[in-house]
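Enquirer: what follows is a predicted structure for the sequence shown.
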Amino acid sequence: MGRPGLSNWSGISLMLLSMFLLSTMDALAKWLMEHAATSVQLLALRSLIIVPCLILYFFLKGSKSELLPTRPVAQGVRGILGFIAPFSFFVGIQYLPLTAAVVVFFSSIFFTTLMSIVVLKEKVGVHRWGAVVMGYCGVALAMMPWGGGELKGYFLVLLSSIAYSGLFISGKFLARTESVTSLVLSYNLGVGVVALFLLPWFWGDIELQMYIGVFLLSFFAVAGHFAMTKAFAVAEASQITPFEYTGVLWTLLYDIVVWHTYPSHYTVTGAIIIISGSLYVIRRERALKVNSSL
């Protein structure tokens, strides 16, 4: 891939920080749900913290115009549909070791490749198709019922992966007319609206320390996504994307330390296949960009 420049090293550092923060958020969400909180509660309370903070930040910054959408209906639909991604993941990790869930979730790069063909009309050659097929073989292996966890948990995380890919593609499509800030706000607002609508049916009494946990979860979510956004802004995507997979190491650590759970060899083998296929897709996309610029 070539030796990264100074900006790429900054991007790598930010991506590593992002993966630590987001992996910590996932671990905290799993812990909170094991102690009476529901997934809908977490998403509702998280949005009630994140959305006002985003609005306040950009008002104080004097950039409130960045928050305004030019296509509010499309952004609204995207935000509401975006509820599926975190909701299905949070529910799924209640039935799975965290490492197994994250490994399956990384299949999103293959769903993104498939959706880019349909929505963005991108051309995909035989090499990337081969990587996609290889990646799904890894997903199937990681989801083996005797590999740890319940099958419904794997399917929920797989649904989350599909929904996340849809968010990514729709965001890429809408980014032609919308600011990144407005996309982030509409997504979190949409998640909050749906979660608050469902909250009366999913409310559970939680203690004060749980609210502190939700506040920390919200902080990790905002800080993690900010660090990731900044990483892509200052560095080449092909240089920093591979470091997303350090998230597997953090979730493995949390599984061992907090839940005393070790990944099965099916999960490990599936992870190797999925990550290898993903890295090949990334490398292939970079090579195509280089060739097209010549």
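Expert: Cool, got the structure.
Enquirer: list of residues touching the helix or strand that contains Tyr187?
Expert: When elements are assigned from DSSP states H and E, Tyr187 belongs to helix 180-202. In this structure, residues lying in contact with helix 180-202 by C-beta atoms under 8 Å, 6 or more residues apart in numbering are 38-41, 43-44, 46-48, 50-51, 54-55, 58, 63, 66-69, 75-76, 78-83, 86-87, 167, 171, 174-175, 225, 229. Backbone N, C-alpha and C define where each C-beta goes, glycine included.
Enquirer: how about it: buried residues?
Expert: In terms of neighbour count (16 or more other C-beta atoms under 10 Å), helix 180-202 has its buried residues at 181-195, 198.
Enquirer: please tell me how far that helix is from the chain's geometric centre.
Expert: Mean-position distance between helix 180-202 and its chain equals 16 Å (C-alpha atoms, centre = their mean, to the nearest Å).
Enquirer: relative to helix 180-202, how tilted is the helix or strand just after that helix?
Expert: If you walk from helix 180-202 toward the C-terminus, the next helix or strand you reach (DSSP H and E) is helix 208-234. Angle between the axes of helix 208-234 and helix 180-202 is 160 degrees (criterion: axes from the mean of the first three to the mean of the last three C-alpha atoms, to 10 degrees).
Enquirer: how about Val214: what's its closest non-neighbour residue?
Expert: On the basis of C-beta to C-beta, 6 or more residues apart in numbering, the spatially nearest residue to Val214 that is not a chain neighbour turns out to be Leu45, at 4.6 Å.
Enquirer: show me what contacts the one you found?
Expert: Contact analysis of Leu45 by C-beta under 8 Å, 6+ apart lists Tyr211, Val214, Ser218.
Enquirer: of those residues, just the buried ones, PyMOL syntax please.
Expert: Here the buried members of those are turned into a PyMOL selection, burial being counted by 16+ other C-beta under 10 Å:
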select buried, resi 214+218
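Enquirer: JSON lines please, covering the contacts of Leu45 and showing pLDDT and distance to Phe106.
Expert: What follows is those, written out as JSON lines (pLDDT from 0 to 100; distance: C-beta to C-beta, whole Å):
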{"residue": "Tyr211", "pLDDT": "86", "distance to Phe106": "31"}
{"residue": "Val214", "pLDDT": "90", "distance to Phe106": "26"}
{"residue": "Ser218", "pLDDT": "90", "distance to Phe106": "24"}
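Enquirer: so which of the contacts of Leu45 is the closest to Trp129?
Expert: Lowest distance from Trp129 to these (C-beta to C-beta) belongs to Ser218, with 39.5 Å.
Enquirer: what's the helix or strand for the residue lying closest to that closest one once chain neighbours are set aside?
Expert: The spatial neighbour of Ser218 that comes closest, neighbours along the chain excluded (C-beta to C-beta, 6+ apart), is Ile49 at 4.1 Å. Element membership for Ile49 (DSSP H and E) is helix 39-61.
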